[in-house]
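Peer 1: Build me a model:
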Amino acid sequence: MTRCIALRHLAFEDAGLLGDCLASRGVDLSYVDVGVQPLDRAAIVGADLLVVLGGPIGVYETDEYPFLGDEIAFLRARLDAQRPTLGICLGAQMIAAALGARVAPGPAKEIGYAPIELTDAGKRSVLAPFAGVDVLHWHGDNLDLPPGAERLASTKVCPTQAFSIGAHVLGLQFHIETKPQMLESWLIGHAAELSKAGMSPSSLRAQAIRSGEATAAAGRRVLEDWLAGVLP
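Peer 2: Below is the predicted model:
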């Protein structure tokens, strides 16, 4: 059976729609809760597919979260082996850091449903369904484009919103995997961050009502198309 490992940093930031796509392909998905469960280098490097999910910490906070060092090192070994890898939000930042690119706080947080601007390469990529469709933003850090990567999308405050390396690596600063009906768990889990940012949960609920289903539909298309290109 084809095996996917997902490195999870928060229980409610799970594979979401990606899990459904994997199940429909008969792929076995297992989670490793980073910081709680030990990281197995051989499993991370050797899995048929690795997904690195989001979380509210920074890749540069290795003093406070020592497990980040191993996570980034094991991820680098996988990237060197050119194994299929998807990074979402923190996961995309992990890929960038593993390849030596700078990751640092951006000029402003991006939180909520809003569009991205696809580059010419992005319009030709699996991200094409997001032309004119909102994604779910939820990040404060920005990343520089990793060596050998192609920029696929940007926003005003985040020049590299998505990138690819060949057909086997996709990094997304935003979320396309989140089911709109699961947003409430984010509003609860990130309550302190929203309060600090001066954002109202009710405004995000309204955005989800407006954009959530279209985002999910486009996200499912993107994930299915990308999986078709990297899995047997």
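Peer 1: Show the contacting residues for residue 144.
Peer 2: By Cβ atoms under 8 Å, 6 or more residues apart in numbering, the contact set of residue 144 is 96, 101-103, 160. The C-beta positions use only the backbone N, C-alpha and C, and glycine is treated the same way.
Peer 1: Kindly report the same for residue 58.
Peer 2: 93, 103, 105, 141.
Peer 1: if you set the cut-off to 7 Å instead, what comes out?
Peer 2: Counting by Cβ atoms under 7 Å, 6 or more residues apart in numbering, residue 58 touches residue 141.
Peer 1: looking at the contacts of residue 144, which has the most residues close by?
Peer 2: Greatest neighbour count in those, by other Cβ atoms under 10 Å, goes to residue 96: 27 neighbours.
Peer 1: ok, and that one, which helix or strand is that part of?
Peer 2: Using DSSP states H and E, residue 96 sits in helix 90-98.
Peer 1: Likewise for residue 104?
Peer 2: Going by DSSP H and E, residue 104 is part of strand 103-114.
Peer 1: Pull up the pairing partners for that strand, direction included.
Peer 2: strand 135-143 (antiparallel) (DSSP bridges).
Peer 1: Please list the outside residues in contact with the partner strand.
Peer 2: Contacts for strand 135-143 (Cβ under 7 Å, 6+ apart): 58, 89, 92-93, 96, 101, 103-106, 109-114, 116, 158, 160, 173-176, 178, 215.
Peer 1: what's the offset of the helix holding residue 96 from the middle of its chain?
Peer 2: What separates the centre of helix 90-98 from the centre of its chain is 9 Å, taken as Cα atoms, centre = their mean, to the nearest Å.
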